[in-house]
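Novice: give me coordinates for this.
(chains A and B)
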Amino acid sequence: MSILVDHSTRLLVQGITGKAGGFHARSCMEYGTNVVAGVTPARGGEVFENKVPVFDTVYEARNETGCNASMIFVPAEFAADSILEAVDAGVELVICITEGIPVLDMMRVKAGMEGSSSRLIGPNCPGIITPGACKIGIMPGYIHKPGNVGVVSRSGTLTYEAVWQLSSRSLGQSTCVGIGGDPINGTSHLDVVKMFNDDPGTEAIILIGEIGGTAEEEAAEWIGRNCVKPVAAFIAGATAPPGRRMGHAGAIVSGGKGTAAGKIEAMHAAGIEVAITPADMADALLRRMAR
Amino acid sequence: MNIHEYQAKELLDKYGVANSPGGVATTPEEAEKIARSLGTNNLVVKAQIHAGGRGKGTFTNGFKGGVHLCKTASQARDIAAQMLGQTLVTHQTGPEGRPVRKVLISESVEIARELYLAILIDRTISAPVIVASTEGGVEIEAVAEHSPEKIVRMAVDPLLGLQPFQTRKLAKVLQIPSGEMRNACKLFANLYSLFIKCDCSMVEVNPLVITKGGIVLALDAKFNFDDNALFRHPDILAYRDLEEEDPREVEASKSNLSYIGLDGNIACLVNGAGLAMATMDIIKHYGGEPANFLDVGGGATEQQVTDAFKILVADKRVKAILVNIFGGIMKCDIIAQGIINAVKAVNLPVPLVVRLEGTNVEAGRKLLQESNLPVTSASDIADAAMKVVAAAQPA
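Specialist: Residues are numbered from 1 along each chain as shown, chains lettered A, B, ... in the order given. Modelled structure (predicted):
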């Protein structure tokens, strides 16, 4: 069992004829993901890798192929429009990999999605993988192992680090979700934790956060009250100076808010085992499971 | 990205946000001319640098204060002459100070009340929020601590924008006299329009003042812009002043690298912002101090890796270098080749610890091994951090 994606996922790739879009569409197909369609405006009628039909619009792709998830690799200037296009076509799960989307664009997208039944993951994220079943995104598939640990994270490579630690200790993963490093994103830590809590295939959770915002605190508070599964966490950026944006648009400590110390305190208060260093993530989960 | 005070005034003027009249000068003569044109005997001359604490700063020529009040145009000229071409040291510039190339001459208005007004994006509600307070002219954090009831927050609907009734409500919150209400509402609406049209992440007007003549003015405004949106604002990008930035960061931005200079002596080269922050954290955990944050990104080229490496090596404070790569899109052999190229081009003045994992890791490790470079390899992130901290210790 898993959340969000599995063998039944039928994937559309927006921006499939681009360099990055094509490369990662291929790598998802090699992993076994069922890629059913691509979209690039004005390139409709082409066939990707002798297999996947390319359409001009998501509307057509949805009607023709019944795709139920989309992976977006469209350049930042046009990505907001691509998200709204997928939502308008009724695609249930929209995963935006693109980084560098202006925050005001994402603000309008989020407001525009109000009331829609689509779920957005990202932007500026590595994607989602249910090991052995479906990979949507840019993560290296081979480090993952099917299993029962759910992973949710704002950061890409830090997620790989956690997964690698888990897999080397023979702890497989149910699903790994990268929610992205931007200040405004489609799905929060808390949204994913709730799904893991309800998923019979997930027995424990690793939550990876970073400085900036209050999403980790909100997730911690809910976990403390409601979560029936053991949770371990790591918060990156304890040594980051205030007022400086640490690569991710969302990773900034400002006005005394969003510090690593504050987040770690909230985690402790919720009974979450906090990894002391990024090398300690899987071991922290093992400690929490042994409690 | 930061901008100068005079540039902020230009933006306020462009969007019709009332502020004190003035102009920017690069010579004492220009300063005199601007002062004369203002037609007032209440003048202020301000040195233009990005750092704060100008008023209490000292120039390296001994002249005290980067902000001076004066009465006549010839006084303004004399003050400008003492500032221009000199270096101003404040508590924010560090001992080396900042060169002053421009001064702002403006009317020093007589203030009746100081207010606070800011617009920023509230990420928890994914909408702009206006923060207003009758307690202006001081740090808003201090107000938040002592009298939080005096800070009012008003969310703006992202699709509707700031509505006229909201500007009237703001005027009441700030206790603006009815006679000045129309002007105040216009100022609020224009400031909001500036915020949206320029893709700001924050605009802070502190103080917003009511003059003794009863006029509402944005006396000082600070802007933060969304870096991701600068591509559609060439006019704002042109405000960038490279002289005001860390030279290491300027060099890195030329190669499209995400770099932030810090004060320690262990340089890091990492892929991914989260892992880069975590690498800094673990260096500190084992008793070291990071010299920088550097994310080479997901799709870096061999050339970018070489450029990144050169920036690290050029930093004289650096006593050891840690490369920590978890290849996803980034392939480990690309990183390895970039390092080899850089080391061949610049030599390696300090110990180098490399930890590679992920896509094409075997090919990457093989390249490094066959290069015969003096590289210490590490098995995981903790091993890497311990090794680099030990390597940076004085022998």
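
Novice: you'd agree residue A:243 is up against residue A:251?
Specialist: No: between residue A:243 and residue A:251 there is no contact under C-beta atoms under 8 Å: 11.8 Å. Bear in mind the C-beta positions are built from the backbone N, C-alpha and C, glycine included.

Novice: comparing the two, which shows the higher neighbour count?
Specialist: Per other C-beta atoms under 10 Å in any protein chain shown, whichever of residue A:243 and residue A:251 has more neighbours is residue A:251, with 28 against 10.

Novice: so what's that one up against?
Specialist: A:154, A:181, A:210, A:211, A:212, A:236, A:237, A:240, A:245, B:273, B:274, B:277 (C-beta atoms under 8 Å, 6 or more residues apart in numbering or on different chains).

Novice: one more time with 6 Å
Specialist: A:210, A:211, A:212 (C-beta atoms under 6 Å, 6 or more residues apart in numbering or on different chains).

Novice: from chain A, how far off is residue B:201?
Specialist: In this view, residue B:201 and chain A are 6 Å apart by C-beta to the nearest C-beta, to the nearest Å.

Novice: cool, residue B:373 as well?
Specialist: 24 Å.

Novice: now do the contacts for that residue.
Specialist: Counting by C-beta under 6 Å, 6+ apart, the residues that residue B:373 touches are residue B:343.

Novice: SS state for the residue in the stretch 101-250 of chain B positioned nearest to chain A?
Specialist: Ranked by C-beta to the nearest C-beta, the top residue of the stretch 101-250 of chain B for proximity to chain A is residue B:229, at 3.6 Å. At residue B:229 the chain is in helix, as set by DSSP: H, G, I helix; E, B strand; the rest coil.

Novice: what about it, how many neighbours?
Specialist: Neighbours of residue B:229 (other C-beta under 10 Å): 21.

Novice: filter the contacts of residue A:251 by proximity to chain B?
Specialist: Near chain B, judged by C-beta under 6 Å from any C-beta of the partner chain, the entries from the contacts of residue A:251 are residue A:210.

Novice: taking the contacts of residue A:251, please make a ChimeraX selection of just the buried ones.
Specialist: Selection of buried members from those for ChimeraX, criterion 16 or more other C-beta atoms under 10 Å in any protein chain shown:
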select /A:210,211,212
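
Novice: in stretch B:211-221, what's buried?
Specialist: B:211, B:216, B:217, B:218, B:219, B:220, B:221.

Novice: also stretch B:121-136?
Specialist: Those would be B:121-123, B:126-128, B:130-136, for stretch B:121-136 by 16+ other C-beta under 10 Å.

Novice: repeat for stretch B:202-211
Specialist: B:202, B:203, B:204, B:205, B:206, B:207, B:208, B:209, B:210, B:211.

Novice: for the first one, grab phi and psi.
Specialist: Looking back up the chat, that one is residue B:202. Dihedral pair for residue B:202: phi -160, psi 140, per degrees, to the nearest 10.

Novice: picking up where we left off before, sitting in strands, which of the buried residues of stretch B:202-211 do you find?
Specialist: Counting by DSSP state E, the buried residues of stretch B:202-211 place B:202, B:203, B:204, B:205, B:206, B:207, B:208, B:209, B:210, B:211 in strands.

Novice: mind picking the one among the residues you listed that's closest to residue B:3?
Specialist: residue B:203 (11.4 Å; C-beta to C-beta).

Novice: I figured that closest one hits residue B:117, correct?
Specialist: No: assessed by C-beta atoms under 6 Å, residue B:203 is found out of contact with residue B:117, at 8.4 Å.

Novice: residue contacts, residue B:291?
Specialist: Neighbouring residues of residue B:291 by C-beta under 6 Å, 6+ apart: B:262, B:264, B:265, B:266, B:267, B:317, B:318.

Novice: quick one on the thing from earlier: so which of the contacts of residue A:251 belong to strands?
Specialist: residue A:210.

Novice: let me know the closest of the contacts of residue A:251 to chain B.
Specialist: Sorting the contacts of residue A:251 by distance to chain B puts residue A:210 at the head of the list, at 5.7 Å, by C-beta to the nearest C-beta.

Novice: who touches that closest one in this structure?
Specialist: Going by C-beta under 6 Å, 6+ apart, the list of residues near residue A:210 reads A:154, A:236, A:237, A:251, B:274.

Novice: quick revisit: how about the buried residues of stretch B:202-211 in TSV, adding pLDDT?
Specialist: As requested, the buried residues of stretch B:202-211 are exported to TSV (pLDDT from 0 to 100):
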residue	pLDDT
B:202	91
B:203	94
B:204	93
B:205	94
B:206	91
B:207	93
B:208	96
B:209	96
B:210	96
B:211	95
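
Novice: the closest residue to chain A within chain B - nearest residue in space that isn't next to it in sequence?
Specialist: Of all residues in chain B, the one sitting closest to chain A is residue B:274 (2.2 Å; C-beta to the nearest C-beta). Nearest non-adjacent residue to residue B:274, counting by C-beta to C-beta, 6 or more residues apart in numbering or on different chains: residue A:155, 2.2 Å away.

Novice: what's stretch B:223-242 in contact with?
Specialist: Counting by C-beta under 6 Å, 6+ apart, A:100, A:102-103, B:1, B:3, B:7-8, B:199-203, B:250 sit against stretch B:223-242.
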